[in-house]
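In: Mind folding the following:
(2 chains)
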Amino acid sequence: MSATAPAPAPSPDTKVDERLLKTSPLRRLMGRPELGSVVGAIAVFLFFAIFADSFVRAASLSTVLYASSTIGIMAVPVALLMIGGEFDLSAGVMVTSSALISSMFSYQMTANVWVGVLVSLVVTLAIGVFNGVMLTRTDPPSFIITLGTFLMLTGMNLGFTKLISGTVSTKSISDMQGFSSARDVFASTLTIGGVDFKITILWWLALVVVATWILLRTRFGNWIYAVGGGEEAARAVGVPVNKTKIGLYMGVAFGAWISGQHLLFSFDVVQSGEGVGNELIYIIAAVIGGCLITGGYGSAVGAAVGALIFGMVSKGIVFAEWNPDWFKFFLGVMLLLATLLNHWVRKRAEATA
Amino acid sequence: MRTARTAAAVIAVIALAAGCSNSGGKDSENKASAGGSGGKAASTPRLKIAMVTHSGEGDTFWDIVQSGAKQAASKDNVDFLYSNDKEAGGQAQLVQAAIDKKVDGIVVTLAKPDAMKDVLAKAEQAGIPVVTINSGAEFSKQFGALAHFGQDESVAGEAVGEELNNRGLKKAVCVIHEQGNVSLEQRCAGVKKTFKGTVENLNVDGTNAPATQSSIEAKLQATKGIDAVVTLGAPIAAVAVKAKADAGSKAEIDTFDLNAEVVKRLQAKEVGFAVDQQPYLQGYEAIDMLWLYKTNGDILGGGKTVLTGPAIITEKDASTLGKYTARGTR
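Out: Numbering: from 1, shown residues only, chains lettered A, B, ... in the order given. Just a heads-up that it's a prediction; the model follows:
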């Protein structure tokens, strides 16, 4: 099938420019970074569809999608940051920070919870700006800078929570004004065709759409690829490298804000010690989805599919009712296999392209 | 960028001025007085006692242990030092640091007994009395500790199994929120021992609430006929309640340990019962006993474990316990 063949339906590229190389849609598809991960996701799905009899049920799939979405909301901005060539190790605890700020501000000020939600947005974005500014103004790599932020936030989460609430978890805000509307936005359940879907799935999809649009259709998207591909070269051709990086860290902070509000409004109280270690899961999801650790290559859709693979594997093992003692082992094996398949498919695609 | 930031700040201020909540929040808080603090301290010489636990960061349970210890410390004129490390090696180093500081007594947990063996021998050599709390009762005497205050995890598990029998339940899931933790495994094994129905274990990632919720949900969807979910920590119980609702399951949620949230859910009948090991007592008694030993040569327990639990708590007890859990002492 070729795009240049006269089609009965009007196709978008009817005007052919002879300076442009003609590529078939299939070949273009083969060149996409997310292709391998999509194949991996289909393989994982088929595997559990065969080996876990309760896996292919609408309710089960909704559970899997929920698990994937809580990872995916962070994996998408983290993938953008990685395409831009940087890491954020503070992403996991930043989610908890964002939830704590929102909860404690509303509670201590006896304010409408939406006030806390907005204050949390401002403060969380400020943490993102801090990461970005520290990175661009000083020399150390983002690994070190955000490791510092990670440790500081972990300490501050516990320190401030104990200082303000007296215990290690926040007080319940479920009886405060604005709680029910905020829960509708961040933690509600939508029933479609008799099946319950969590609203985080919508947030996840929306983030994928926005991030893909930014990457493929905007100038900022080109800057991200340019900065990740080669910082000095990008600077030489006039890309605002520092602004791009700060923007990417703010993107991660925005994801942390959404995840944090979800955490708060689905459980009413926030445990201050949570979130440590999740930053790795976000990075893993992005890498499974085809992002290069060295930057300059990857996609938002790929990261979302990576999160889906992680969600399917971690819940699929439960659905399959395998021995729980071996849970982590199975998780590791499945992720490794999915990633190997992903790489193999991409190699084949590159060879034929 | 600057304008955006200013705008955000302005919005926040405006919202703050307009957006007060008429319900809940700090303003509705009853100023519950902390239990008996402010009394006169003992006139015995000032002692320095260190507590070193295997707790992770921000765990409600250890918070309550600490508040018990602090209460005893203020009564007994004791300078109370707390430190914690969830890694075995790190915990041993912290005990060593306490020995180096020449403290008058050490309170320690034995969740990872092998790592603590050598360093506790050093404490004995230095003539520092040691009291063990929480887990590791069987190693306490062997390592030269004066006494052990805690709950036998197997006994607690057995109590849960019996309570499940009383409630006529048939098929239970035991949710392990920290894979490889010996005391959690013992709790589930204890449940299995006395429970007449079947018990399956489920490993979840306890520091990630949404992942825990979706795992429990998946288990409830995968295995039909589960009528009891037993969680091993108070914060996990609240997550299990959510998972049950989302999975449309009718299972009863029961839990080990207590916090304010669990008491509230007991009252709302969302949680069937809770097994309390009274962490406040573990902290309080450990400090108090070291003080008694240093000032009067007393030893509690006669070389046997002093049990602080299990106490089964149901909806009936919840109303009186509410105010204690709210101030973090129960």
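In: would you say B:Gly272 is within a strand?
Out: Yes. Assessed by DSSP: H, G, I helix; E, B strand; the rest coil, B:Gly272 belongs to a strand.
In: Touching, it and B:Ile253? I think so.
Out: Yes. Counting by Cβ atoms under 8 Å, B:Gly272 touches B:Ile253, with 6.5 Å between them. Every residue, glycine included, has its C-beta placed from N, CA and C.
In: ok, these two, which is more surrounded?
Out: Set B:Gly272 next to B:Ile253 and count neighbours by other Cβ atoms under 10 Å in any protein chain shown: B:Ile253 wins out with 27 against 22.
In: residue contacts, the residue nearest to B:Gly322 when sequence neighbours are not counted?
Out: Once flanking residues are discounted, B:Gly322 sits nearest to B:Val263: 5.2 Å by Cβ to Cβ, 6 or more residues apart in numbering or on different chains. Residues near B:Val263 by Cβ atoms under 8 Å, 6 or more residues apart in numbering or on different chains: B:Ala274, B:Ala318, B:Leu321, B:Gly322, B:Thr325.
In: List the buried residues of whichever strand or helix holds the last one.
Out: Right, the one you point to is B:Thr325. Assessed by DSSP states H and E, B:Thr325 sits inside helix B:315-326. Neighbour counts over helix B:315-326 (16 or more other Cβ atoms under 10 Å in any protein chain shown) mark B:Asp317, B:Ala318, B:Leu321, B:Gly322, B:Lys323, B:Tyr324, B:Thr325, B:Ala326 as buried.
In: now it, how far from the centre of its chain.
Out: Computed by Cα atoms, centre = their mean, to the nearest Å, the separation of helix B:315-326 from the middle of its chain amounts to 17 Å.
In: for it, packing partners?
Out: helix B:260-267 (3 or more Cβ pairs under 8 Å, 6 or more residues apart in numbering or on different chains; DSSP states H and E).
In: what is the rounded mean pLDDT of the helix it packs on?
Out: Averaged across helix B:260-267, pLDDT comes to 90.
In: And the strands in the stretch 201-330 of chain B, which stretches?
Out: Ranges of strands in the stretch 201-330 of chain B, per DSSP state E, counting those that start in this stretch, are B:228-231, B:252-256, B:271-276, B:306-307, B:311-314.
In: Same list, those, but as JSON lines with mean pLDDT and distance to A:Gly228 please.
Out: Formatted as JSON lines, these follow (pLDDT from 0 to 100; distance: least, Cβ to Cβ, whole Å):
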{"stretch": "strand B:228-231", "mean pLDDT": "96", "distance to A:Gly228": "43"}
{"stretch": "strand B:252-256", "mean pLDDT": "95", "distance to A:Gly228": "47"}
{"stretch": "strand B:271-276", "mean pLDDT": "93", "distance to A:Gly228": "49"}
{"stretch": "strand B:306-307", "mean pLDDT": "91", "distance to A:Gly228": "60"}
{"stretch": "strand B:311-314", "mean pLDDT": "91", "distance to A:Gly228": "55"}
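In: Tell me which of those strands is the most buried.
Out: strand B:228-231 (a mean of 28; mean count of other Cβ atoms under 10 Å in any protein chain shown).
In: And the helices in the stretch 51-200 of chain A, which stretches?
Out: A:58-83, A:91-109, A:113-137, A:142-165, A:179-187, A:199-217 (DSSP state H, counting those that start in this stretch).
In: would you turn the ones you listed into JSON lines with mean neighbour count and distance to chain B?
Out: Compiled in JSON lines, the helices of the stretch 51-200 of chain A are given as follows (neighbours: other Cβ atoms under 10 Å in any protein chain shown; distance: least, Cβ to the nearest Cβ, whole Å):
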{"stretch": "helix A:58-83", "mean neighbour count": "28", "distance to chain B": "4"}
{"stretch": "helix A:91-109", "mean neighbour count": "28", "distance to chain B": "5"}
{"stretch": "helix A:113-137", "mean neighbour count": "22", "distance to chain B": "4"}
{"stretch": "helix A:142-165", "mean neighbour count": "18", "distance to chain B": "5"}
{"stretch": "helix A:179-187", "mean neighbour count": "18", "distance to chain B": "8"}
{"stretch": "helix A:199-217", "mean neighbour count": "18", "distance to chain B": "8"}
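In: what would those helices look like in CSV with mean pLDDT and distance to A:Phe265?
Out: Shown next, in CSV, are the helices of the stretch 51-200 of chain A (pLDDT from 0 to 100; distance: least, Cβ to Cβ, whole Å):
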stretch, mean pLDDT, distance to A:Phe265
helix A:58-83, 93, 13
helix A:91-109, 94, 9
helix A:113-137, 96, 8
helix A:142-165, 92, 18
helix A:179-187, 93, 4
helix A:199-217, 95, 10
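In: how about the residues of the stretch 251-353 of chain A near chain B?
Out: A:262-263, A:266-269, A:271-278, A:311, A:314-315, A:318-321, A:324-325, A:327-328 (Cβ under 8 Å from any Cβ of the partner chain).
In: So which of the residues you listed sit within helices?
Out: A:His262, A:Leu263, A:Ser266, A:Phe267, A:Asn278, A:Gly311, A:Ser314, A:Lys315, A:Val318, A:Phe319, A:Phe327, A:Lys328 (DSSP state H).
In: The fifth one: what's it in contact with?
Out: Applying Cβ under 8 Å, 6+ apart to A:Asn278 gives the contacts A:Met74, A:Ala91, A:Gly92, A:Val93, A:Val95, B:Asn208.
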